[in-house]
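Asks: coordinates only, sequence not included:
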């Protein structure tokens, strides 16, 4: 495998919004939908779409409940989601390190 093998980048995570969502979730045990939406600065519909894609790959777990009469959606990063994110970061670091090393003479 080449240091610059772009095929090793997880396309599901590489989307700007999904990357931001996973980065937010990597720093917490779980987060409410509105917290993620506000941190990522996206719309409810857009966030819902991206969360469904992440849930489909089992990168996130979504729990819906009621607080009184108010619906609450909580999202957490799964173990496989955390592992995928770590692999993603490691590959980007490898690519960037190789690029910096090649620029030096």
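Replies: Great, that's in hand. A quick note: this is a predicted structure, and the numbers were derived from the prediction, not measured. Numbers count the residues shown, from 1 in each chain.
Asks: how about the strands in this structure?
Replies: 31-32, 60-67, 70-77 (DSSP state E).
Asks: Where does pLDDT dip in the chain?
Replies: Across the chain, the ranges flagged by pLDDT under 70 are 1-3, 101-105.
Asks: Need the residue closest to the centroid of it.
Replies: The chain has residue 22 as the residue nearest its centroid, 2.3 Å off, counting by CA atoms, centre = their mean.
Asks: Grab the nearest non-local neighbour of residue 32.
Replies: What sits nearest to residue 32 in space, not counting adjacent residues and going by CB to CB, 6 or more residues apart in numbering, is residue 74, at 5.7 Å. From N, CA and C alone the C-beta is placed, and that goes for glycine too.
Asks: wait, doesn't the one you found sit right on residue 34?
Replies: No - assessed by CB atoms under 8 Å, residue 74 is found out of contact with residue 34, at 10.4 Å.
Asks: the more surrounded of those two?
Replies: residue 74 (16 against 12; other CB atoms under 10 Å).
Asks: In contact with that one, which residues?
Replies: By CB atoms under 8 Å, 6 or more residues apart in numbering, the contact set of residue 74 is 30-33, 62-65.
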